[in-house]
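Just need the structure, nothing else, for what follows:
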Amino acid sequence: MASTKGSTKKSADKTQEKKPVPPPTHIGDFIVVFVMTVCKKILLVDTSVKIGLYFAGVVIGSVLADMIQFPRTYLSNKDNVFNQYFVKLGWGWTLLVLTAFITQTSYVYCLGKTSSVKIHLLRLCMGTFWWYTMVSIINYIENVVGVCSGKGIIGKDACIKNGKSWLGFEISGHVFLLIHNLLSISEEVKIFKDWKRLGEMFEDPDLPKNKDIKMSDFLQGRKNYRVLTPYINITVVVAAVFMVLWEFMLIISTIYRFHTTSQKVTAVFMAVACWFGSYRLILGYSKTGSLKLLQKPGESPMKFTKVG
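Here you go, the predicted structure:
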């Protein structure tokens with residue numbers, strides 16, 4: 001009799017220990033999770049790996065373009081819509097997306113401190129400096145080393161005005177711009193891989209004491225995280241779309257003979273040099289020194305991601 005009661009009690013305990021079945025996942029939630037997973041796969045590839053892939057892709061694509069005559073399509077025309085309204089305005093589009101991303105994310109992890117947000121945005125000024133400087137250098141080199149096909153005509157503008165061809169070393173501005181955009185996006189959005197961890201940190205009531213953060217600042221940061229994360233997710237999706245677009249247009253710029261192999265490879269080196277100067281030297285990613293005026297992506301009192 002006692003054993004029967006014991007068995008009944010054990011069965012009751014097991015029944016109580018059973019966890020409730022979670023509600024079925026809504027199709028909308030599934031789509032959101034799927035889209036964000038795909039975007040992370042696109043955006044969060046290590047930047048060094050991307051550099052290797054871009055360099056190899058440009059070299060191989062350029063060699064193939066010299067050996068094989070790819071069929072002419074709408075995209076091989078320089079006046080196609082993607083080239084005219086996206087690639088030529090590429091840094092503007094990239095600047096717009098990254099300004100939105102950095103503003104929203106830094107406002108969260110800097111606990112609502114607008115002064116810190118402005119410091120993080122200064123990295124985009126650095127990227128704009130490289131864009132303007134390199135484009136100016138590309139144009140200068142073309143003008144200095146070039147000659148006109150018409151005799152006695154000096155200067156590129158005069159040459160073209162007279163209906164002649166200017167023969168110079170024209171470094172591919174498209175290849176430079178596209179890779180500059182891609183590497184900038186890659187470096188800035190990499191903090192998103194630790195975004196979920198930041199949310200978990202905001203749920204820890206002991207964190208302000210452990211990290212010497214004012215409770216009011218901590219609560220403001222937690223509120224900002226909950227309010228802005230949906231908008232940050234949208235910005236991440238937009239960044240992933242532009243990443244795919246820039247990579248696709250890089251392929252187009254490589255396989256069609258708008259420039260020689262040497263001109264395209266030179267453009268790759270220039271873009272990588274800008275990335276190295278910004279994110280490895282100036283920001284001190286490889287312990288070669290840094291400017292205190294600037295901060296690395298994710299740098300904040302929360303210390304939620306690896307920034308160095």
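
which sections of the protein are below the confidence cut-off?
Along the chain, the model assigns pLDDT under 70 to residues 1-25, 257, 285-292, 307-308.

Which stretches in it count as helices?
2-17, 27-43, 47-67, 81-82, 90-109, 114-145, 156-161, 173-189, 195-201, 207-210, 215-255, 261-275 (DSSP state H).

List the residues that contact the residue nearest to the spatial centre of the chain.
Centroid-nearest residue in the chain, with CA atoms, centre = their mean: residue 185, separated by 1.3 Å. Going by CB atoms under 8 Å, 6 or more residues apart in numbering, residue 185 touches 43, 94, 97, 98, 239, 242, 243, 246. (Glycine included, C-beta is placed from N, CA and C.)

do that again at 10 Å, thanks
42-43, 47, 50, 94, 97-98, 101, 239-240, 242-243, 246 (CB atoms under 10 Å, 6 or more residues apart in numbering).

now do residue 248
Residue 248 touches 75, 82, 178, counting by CB under 10 Å, 6+ apart.

Just name the closest of those residues to residue 148, please.
Nearest to residue 148 among the contacts of residue 248 is residue 178, at 29.3 Å by CB to CB.

Distance-wise, check that closest one relative to residue 87.
7 Å (CB to CB, to the nearest Å).

Comparing these two, which residue is more hemmed in?
Neighbours per residue, other CB atoms under 10 Å: of residue 178 and residue 87, the larger number sits with residue 178, 29 against 22.

Count residues in the vicinity of the closest residue to that one other than its chain neighbours, would you?
Excluding the flanking residues, the one nearest residue 178 by CB to CB, 6 or more residues apart in numbering is residue 250, at 4.5 Å. Per other CB under 10 Å, the neighbour tally for residue 250 reads 24.

do the same with residue 135
What residue 135 shows, counting by other CB under 10 Å, is a neighbour count of 17.

could I get the contacts of residue 248 as a markdown table with distance to residue 208?
Converted to a markdown table, those look like this (distance: CB to CB, whole Å):
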| residue | distance to residue 208 |
| --- | --- |
| 75 | 54 |
| 82 | 48 |
| 178 | 44 |
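
Need the contacts of residue 185 in CSV (columns: distance to residue 154).
Shown next, in CSV, are the contacts of residue 185 (distance: CB to CB, whole Å):
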residue, distance to residue 154
42, 48
43, 48
47, 43
50, 42
94, 37
97, 42
98, 41
101, 47
239, 45
240, 48
242, 41
243, 43
246, 37
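
out of the residues you listed, which is most surrounded?
Greatest neighbour count in those, by other CB under 10 Å, goes to residue 94: 26 neighbours.

doesn't residue 179 make contact with it?
No: counting by CB atoms under 10 Å, residue 179 is not a contact partner of residue 94; they are 11.4 Å apart.

residues contacting residue 260?
Residue 260 neighbours (CB under 10 Å, 6+ apart): 62, 65, 66, 169, 170, 171, 172, 266.

Against residue 156, how distant is the last one?
Right, the one you point to is residue 266. 19 Å.

can you check residue 43 too?
Relative to residue 156, and taking CB to CB, residue 43 is found at 39 Å.

Same question for residue 269.
Taking CB to CB, one finds residue 269 at 24 Å from residue 156.

Which one of these two is surrounded by more residues?
residue 156 (18 against 13).

Can you give me every residue that contacts the closest residue to the more buried one other than its chain neighbours?
Among residues not flanking residue 156 along the chain, residue 166 sits closest, at 4.7 Å (CB to CB, 6+ apart). Contacts for residue 166 were tallied using CB under 10 Å, 6+ apart; they are 142-143, 146-150, 153, 155-160.
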